[in-house]
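Trainee: here's a sequence, model it:
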Amino acid sequence: MGRCRRSLSPIPSGTTPSVRWRKTRVVGPPSVCMAKWLQSGRRRDLVFLLYDEGPLHGQALKSRLESHYDERIDPKSFYGALDSLVDGGHLELQESGIHDEYLLTDAGRRLVEDHYEWVRERMGDAP
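Mentor: Next up is the predicted model:
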């Protein structure tokens, strides 16, 4: 099985000297790299909510997830998970009035469907 890794590129001069490299892009087979984004339960739940409900504003998405978890989610952590999914190409941000909406990309939709199939195979005939 292939591995998902990030390639590194030099940071332009004029930045903090102690930081010389940054992560730039994911390298590896798409299915392996996309599956990496589901290693976080929060990211996985976010894409499943968007698959089910369609485009949502960040706050509406956060509220639905908090209802599901029955606890408050730290905004920094929540929006960090969304940013990771956007950066990975699984979600996109679309203008919608005064608030932006998050929606699944085609890659994000395939990710959900592939993961659903993987879970279903493992559940077998379970009730």
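
Trainee: now residue 72: closest residue in space, sequence neighbours ignored.
Mentor: Once flanking residues are discounted, residue 72 sits nearest to residue 66: 5.9 Å by Cβ to Cβ, 6 or more residues apart in numbering. Backbone N, C-alpha and C define where each C-beta goes, glycine included.

Trainee: gap between that neighbour and residue 73?
Mentor: Noted for residue 66: a distance of 5 Å to residue 73, by Cβ to Cβ, to the nearest Å.

Trainee: residue 78 is in contact with residue 65, correct?
Mentor: Yes. Between residue 65 and residue 78 there is a contact under Cβ atoms under 8 Å: 7.4 Å.

Trainee: identify the contacts common to the two.
Mentor: Overlap of the contact sets of residue 65 and residue 78 (by Cβ atoms under 8 Å, 6 or more residues apart in numbering) consists of residue 42.

Trainee: select the longest helix from the chain.
Mentor: Here the longest helix in the chain is taken by residue count, with DSSP state H as the criterion, and it is helix 106-123.

Trainee: for that helix, name the packing helices and strands.
Mentor: Contacts of helix 106-123 with other secondary structure elements, assessed using 3 or more Cβ pairs under 8 Å, 6 or more residues apart in numbering; DSSP states H and E, are made with helix 30-36, helix 41-53.

Trainee: can you list the strands that the next helix or strand after the longest one pairs with?
Mentor: Right, helix 41-53. Scanning forward in sequence from helix 41-53 by DSSP states H and E, the next helix or strand is strand 56-57. Using DSSP bridges, the strands paired with strand 56-57 in its sheet are strand 99-104 (antiparallel).

Trainee: how about residues contacting the partner strand?
Mentor: Residues from elsewhere that reach strand 99-104 (Cβ under 8 Å, 6+ apart): 47, 50-51, 54-59, 61, 82, 86, 90-95, 112.

Trainee: at 7 Å instead, please
Mentor: 47, 50-51, 54-58, 61, 82, 90-94 (Cβ atoms under 7 Å, 6 or more residues apart in numbering).

Trainee: tell me which helix or strand in this structure has the weakest average pLDDT.
Mentor: Of the helices and strands making up the chain, the lowest-confidence element is strand 21-27, at a mean of 38, by mean pLDDT, DSSP states H and E.
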